[in-house]
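>>> Got a sequence here, can you build the structure:
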Amino acid sequence: MKTILIITIIMLTGCEQYCGSCRDTTDFDQQDSETGLRIKDYTANIENLDINQFVKIWNAVQACTGLSVSPGPYIAIVEDGSLNPKSGMYHPHDKVIEIEVNEINNWLGHEMIHFLLHDDGATDDVNRNHKSTHFAQCKNG
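Okay, the predicted model is just below:
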């Protein structure tokens, strides 16, 4: 009965509710060879998209938390308001960070902390419920 209920929920809610972002992580605009971090602009509005901006935040967050993961996350840059009411989301099933285009400097570090904690095996209570001290100390690296 439980299996039937899960299948029914998946069918009714669609892929996104079950697998997270459902982004194709092999499709990206830029990749940093050292960190493995990949970015994809789904807005097609960013001029001079520079992966170095993202690598700088990634390296600062890793240094602050003392946690390190390779390869780095896949970052999907999306339109403002599309993640309403949030500005960024980490999808642990497919290891994707979605961030609204005008919130990169405000929230990307926060979502990277989710990514690092998940990889480090943190419990949902610590990670999803923001009980790690890293959220207060390392949001911006």
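>>> nearest residue to the residue most central in space within the chain other than its sequence neighbours?
Central residue of the chain (CA atoms, centre = their mean): I97, 1.7 Å from the mean position. In space, and not counting its chain neighbours, I97 is closest to E111: 4.5 Å by CB to CB, 6 or more residues apart in numbering. Placement of C-beta: from N, CA and C, glycine included.
>>> Ramachandran angles for K40?
Reported as degrees, to the nearest 10, the phi and psi values for K40 are phi -140, psi 120.
>>> What's the separation between it and D125?
31 Å (CB to CB, to the nearest Å).
>>> quick one: which of the two has more around it?
The neighbour comparison of K40 against D125 (other CB atoms under 10 Å) goes to K40, with 20 against 10.
>>> what's the nearest residue to that one if we skip its chain neighbours?
Nearest non-adjacent residue to K40 (CB to CB, 6+ apart): F28, at 4.7 Å.
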